[in-house]
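> Predicted model follows, preceded by the sequence.
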Amino acid sequence: MKFLVTGGAGFIGSNFIRLLLRERKDSEIVNLDKLTYAGNIENLRDVEGDRRYTFVKGDICDREVVEAAADGADLIINFAAESHVDRSINEPGSFIRTDVFGAYTLLETARKYDCGFVQISTDEVYGSISEGSFFENSMLSPSSPYSSSKAAAELLAKSYFTTYGLPVLVTRSSNNFGPFQHPEKLIPLFITNAMENKPLPVYGDGQQVRDWLYVIDNCRAILAVIDRGKSGEVYNIGAGNELTNLQITEMILAGLHKPSSLIKFVKDRPGHDKRYSVEAAKIRQLGWHPEYEFGKALSETIGWYRGNAGWWQRLKSGEFLEYYKRHYHERHGLGDAA
Ligand SMILES: NC(=O)c1ccc[n+]([C@@H]2O[C@H](COP(=O)([O-])OP(=O)(O)OC[C@H]3O[C@@H](n4cnc5c(N)ncnc54)[C@H](O)[C@@H]3O)[C@@H](O)[C@H]2O)c1
């Protein structure tokens, strides 16, 4: 089977490609990635020599590039996105372009070649819920330009199923963590800041609840959806590991034997959702269940960042540092703490 994976040089995409190559011997993979600040060719250095794997540097908004990369593909799996909520608040335009127009370009290409399409969406499209959990048919009420652009993309994908009969699947997973996640995201930012004895900037009162999912469990869930999901359907993916941001911060500090004096409460993010929670019964009916125990996965993740300091130190310099200082540190009085 031939896959076009977009955004495969990012966090989840690179873990997914590695899993696919390991578990599906007959797979052929083209990874199309623009290599934005979030994409990193090093994430897949270990599989570069695999003759089943090809990397193409390109933009999912570029129809010509997408059509060339998708030629002969049976399935397009769209991980490519601008994915950081804070950045979407500061610069929404690139989110509309990549997340919405890019999805449209891929869908048109899937239609041209008559191949399947998987849209990797997010639980953030539902918005916040104070009690209970969202089902796949709950109303979408995204709060940020990021989650709104993701909602638009998946609605567009579903419309291609309804209107053109294109085989479309959508996954909505909760917050992922694990190896190769860019250090701008909460868990790697806090692990790496703690390792450097720098402040851990916790938004507001730190009582925002997220349901944490180990990235390999998410990748396995995506495979289950590809193998056994029903065309036109949406699948929530969550492991039921609900924790407040403050709890996760304390666990990271404990895992690294660092003091809680590193916690620094900062002004809350505008439009910050209080709690995300998805009901994952539908994906469990496909035979999927999370395999990783949360505490163990978190300590393995901490171990990975400890063992790969060169990887994240490079990412915490250059563009990231400039961005971070401009939009974050100066606003929150964190000095030079990136
Ligand atoms: N990380 C999470 O917790 C999470 C949770 C639910 C859903 N998701 C979704 O999963 C997908 C992957 O997330 P991630 O955390 O791996 O993101 P990421 O930011 O680590 O990776 C995104 C990748 O997309 C590439 N990209 C960006 N714009 C592109 C463009 N125009 N053309 C081609 N490539 C482009 C980047 O170079 C990068 O490699 C995203 O669609 C995201 O919305 C992520």
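Okay, I see it. Keep in mind that what you see is a predicted model, and the values were worked out from it rather than measured. Residues are numbered from 1 along each chain as shown.

> any weak-confidence spans in the protein?
Filtered on pLDDT under 70, the chain yields the residue ranges 319, 324-338.

> and with 80 instead?
Along the chain, the model assigns pLDDT under 80 to residues 318-338.

> for the longest helix along it, which positions count as buried?
The residue-count maximum for a helix in the chain (DSSP state H) belongs to helix 145-164. Under the neighbour-count criterion of 16 or more other C-beta atoms under 10 Å, helix 145-164 has 145-158, 160-161 buried. C-betas here are computed from N, CA, C, even on glycine.

> close to the ligand, is it?
Yes: for helix 145-164, a contact with the ligand is found by C-beta under 6 Å from any ligand atom, at residue 150.

> could you say what helices and strands that helix packs with?
helix 85-90, helix 93-95, helix 103-113, strand 116-122, strand 168-173 (3 or more C-beta pairs under 8 Å, 6 or more residues apart in numbering; DSSP states H and E).

> ok, 10 Å please
strand 75-78, helix 85-90, helix 93-95, helix 103-113, strand 116-122, strand 168-173, strand 234-237 (3 or more C-beta pairs under 10 Å, 6 or more residues apart in numbering; DSSP states H and E).

> Next, the angle from it to strand 116-122.
Angle of helix 145-164 versus strand 116-122, following axes from the mean of the first three to the mean of the last three C-alpha atoms, to 10 degrees, is 150 degrees.

> How is the chain partitioned into domains?
Following automatic domain parsing, the chain resolves into domains at 2-177+213-237, 186-210+240-274+294-329.

> which of the ones you listed is buried the deepest?
Comparing the domains of the chain by mean neighbour count (mean count of other C-beta atoms under 10 Å), domain 2-177+213-237 comes out on top with a mean of 20.

> for it, the distance to its chain's centre please.
Centre-to-centre, domain 2-177+213-237 and its host chain are 9 Å apart (C-alpha atoms, centre = their mean, to the nearest Å).

> Over to stretch 297-316?
17 Å.

> for stretch 290-307, same thing?
That offset, for stretch 290-307, works out to 17 Å (C-alpha atoms, centre = their mean).

> Show me what it is in contact with.
177-181, 183, 187-188, 190-192, 194-195, 212-218, 220-221, 237-241, 243, 248, 251-252, 254-256, 280, 283-284, 311-312 (C-beta atoms under 10 Å, 6 or more residues apart in numbering).

> list the contacts for residue 102?
Shown in contact with residue 102 (C-beta under 10 Å, 6+ apart): 6-7, 34, 59-62, 66, 78, 80-82, 96, 149, 153.

> now residue 228: how far from the ligand?
Here the distance between residue 228 and the ligand works out to 20 Å (C-beta to the nearest ligand atom, to the nearest Å).

> wait, doesn't that residue sit right on residue 222?
No: the pair residue 228 / residue 222 is not scored as a contact, 11.6 Å apart, by C-beta atoms under 10 Å.

> quick one: contacts for the closest residue to residue 141 other than its chain neighbours?
Nearest residue to residue 141, sequence neighbours excluded (C-beta to C-beta, 6 or more residues apart in numbering): residue 127, at 3.7 Å. Residue 127 makes contact with 134, 138-144, 147-148, 151, 271, 273-276 under the criterion C-beta under 10 Å, 6+ apart.

> Good, wrapping up.
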